[in-house]
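A.B. asks: quick one, structure for this:
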Amino acid sequence: MSVWLTAAAGLAILAFAYIRTFCPYFSDDCAYMLRSLKLGIRLIKYGKSKPFYSILECFLDAVKRQPNKIFIHFEGRAFSYGEMDLQSNKVARALQAEARLKEGDAVALFLPNEPSFVWTWLGLAKLGCPAALLNFNIRSKSLLHCFSCCGAKVLITAPASFICYYRLLFCSGETGLLVGEITRRSPFVGYAGNKQQTEKKRLYDVMKKGDLYFNTGDLLRFDHEKFIYFQDRVGDTFRWKGENVATSEVADILTLAACVLEANVYGVKVEGHEGRIGMAAVTLKEGETFDSADVYKQVVSYLPAYARPRFLRVQPSLEMTGTFKMKKVKLVEDGFNPALISDPLYFLDPDQKTYVPLTEEIHGAIAAGKMKL
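C.D. replies: Numbers count the residues shown, from 1 in each chain. Have a look, this model is predicted:
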């Protein structure tokens, strides 16, 4: 018996040593999978409960049990359950009286990350009004598009599911396209009012005949420890600060400036930063000089901070492909180093509130991480 116990103990020690050496995150992975499993079971239970127990009902029960307990901490202030309930009641009454809202009316929320966002949503829930939550960073055409396609009758703004499982489709080396299988438990409803864009995001017969996947457009890579990192976006978009930037939208805004004739927008790598920062090559109208103040005014007025091109390159003409599309690859490779580019370069300086000439000193400060982007 002692021999078997000794052998079992030895095998256990060997297994433990193997896991510690080759799977150092095994225990963390197991803990995460256990939490995910528990969450999935909870979601299934909530979905099957009769009658359905909503977030609003959960909140109101908490108000009854503990009205004085702190519900939200925000920038040094604290809001109790009772205070949030009172504020949401005020919102509900005001919207009912002034906006004539009734149950079923969709409302768009365009609010920053602050307590008023929560109590406004709660007020709408009390009225039975579904809320379309708009990204507070978007501006101009993007905001108009989101509001027009969400079906909302009212826009409220400030004064001034189930776990989805993803796979990587490898296209070259360690970089792969992130796709998610579309199933009953992880559906892809699509883009509101845009069937064509919805269909573009669907991939058929990916792993086997008859399956259906969602194309995220994100390129990811694995490192040697199997951690996943975002690499880039596919198509005419790039990502900066966790947000997707549509190059055509930025180009449209740049051409609003009186001096700009054409704009070719793309993203460039910055050492120490994930994703790509916005840059644009522009041509000027005949007889015009670059008006840095006007260009700055347009991008700040109509683009969210993450979409504003931080670098501009003024060229005599833009290179086109045989099908009259603007070439971007060479521009992306060139980057924004003034020592290597003869064209005039400009940098969006938020402190001076204009585009300033991009000097080697500015470039060096950015490369060294001394200048915040």
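
A.B. asks: CA only for contacts and neighbour counts going forward, please
C.D. replies: Will do.

A.B. asks: tell me the domain ranges of the protein?
C.D. replies: Structural domains assigned to the chain are 55-157, 166-231, 235-367, following automatic domain parsing.

A.B. asks: of the ones you listed, which is nearest residue 35?
C.D. replies: For these, proximity to residue 35 was assessed by CA to CA; domain 166-231 is nearest, at 17.7 Å.

A.B. asks: give the rounded mean pLDDT of that closest one.
C.D. replies: Per-residue pLDDT values over domain 166-231 give a mean of 81.

A.B. asks: likewise for stretch 362-373?
C.D. replies: Mean pLDDT, stretch 362-373: 91.

A.B. asks: CA atoms of that stretch as PDB?
C.D. replies: Taking C-alpha atoms only, stretch 362-373 is exported to PDB below (Å, rounded to 0.1, in the frame of the first residue of the first chain):
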ATOM      1  CA  ILE A 362       7.800  67.000 -31.100                       C
ATOM      2  CA  HIS A 363       8.400  63.700 -32.900                       C
ATOM      3  CA  GLY A 364      11.100  62.800 -30.400                       C
ATOM      4  CA  ALA A 365       8.900  63.600 -27.500                       C
ATOM      5  CA  ILE A 366       6.100  61.500 -28.900                       C
ATOM      6  CA  ALA A 367       8.500  58.600 -29.600                       C
ATOM      7  CA  ALA A 368       9.900  58.800 -26.100                       C
ATOM      8  CA  GLY A 369       6.400  58.800 -24.500                       C
ATOM      9  CA  LYS A 370       6.900  62.300 -23.000                       C
ATOM     10  CA  MET A 371       3.900  63.700 -24.900                       C
ATOM     11  CA  LYS A 372       0.400  62.500 -24.100                       C
ATOM     12  CA  LEU A 373      -1.700  61.500 -27.100                       C
END
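
A.B. asks: so how far is residue 283 from the residue nearest the centre of the chain?
C.D. replies: Residue closest to the average C-alpha location in the chain (CA atoms, centre = their mean): residue 243, at 3.7 Å. According to CA to CA, to the nearest Å, residue 243 and residue 283 sit 27 Å apart.

A.B. asks: all helices for the stretch 51-200 of the chain, in order.
C.D. replies: Ranges of helices in the stretch 51-200 of the chain, per DSSP state H, counting those that start in this stretch, are 55-65, 81-98, 115-127, 140-149, 195-200.

A.B. asks: packing partners of the second one?
C.D. replies: With contacts defined as 3 or more CA pairs under 8 Å, 6 or more residues apart in numbering; DSSP states H and E, helix 81-98 has these neighbours: helix 55-65, strand 70-74, helix 115-127.

A.B. asks: which parts of the shortest one are buried?
C.D. replies: Of the residues in strand 70-74, those with enough neighbours to count as buried (16 or more other CA atoms under 10 Å) are residue 71.

A.B. asks: starting from that strand, tell me which strands it pairs with and how they run.
C.D. replies: Neighbouring strands of strand 70-74 in its sheet, by DSSP bridges, are strand 77-80 (antiparallel).

A.B. asks: I would like the residues contacting the strand it pairs with, please.
C.D. replies: 67, 68, 69, 70, 71, 72, 73 (CA atoms under 8 Å, 6 or more residues apart in numbering).

A.B. asks: the fifth one contacts residue 81, correct?
C.D. replies: Read that as residue 71. Yes - between residue 71 and residue 81 there is a contact under CA atoms under 8 Å: 5.2 Å.

A.B. asks: out of the helices of the stretch 51-200 of the chain, indicate the one that is most buried.
C.D. replies: Of the helices of the stretch 51-200 of the chain, the one with the most neighbours on average (mean count of other CA atoms under 10 Å) is helix 115-127, at a mean of 21.

A.B. asks: tell me what angle that helix forms with helix 81-98.
C.D. replies: 60 degrees (axes from the mean of the first three to the mean of the last three CA atoms, to 10 degrees).

A.B. asks: next, the angle helix 55-65 makes with helix 115-127.
C.D. replies: Calculated by the same axes, to 10 degrees, helix 115-127 forms an angle of 100 degrees with helix 55-65.
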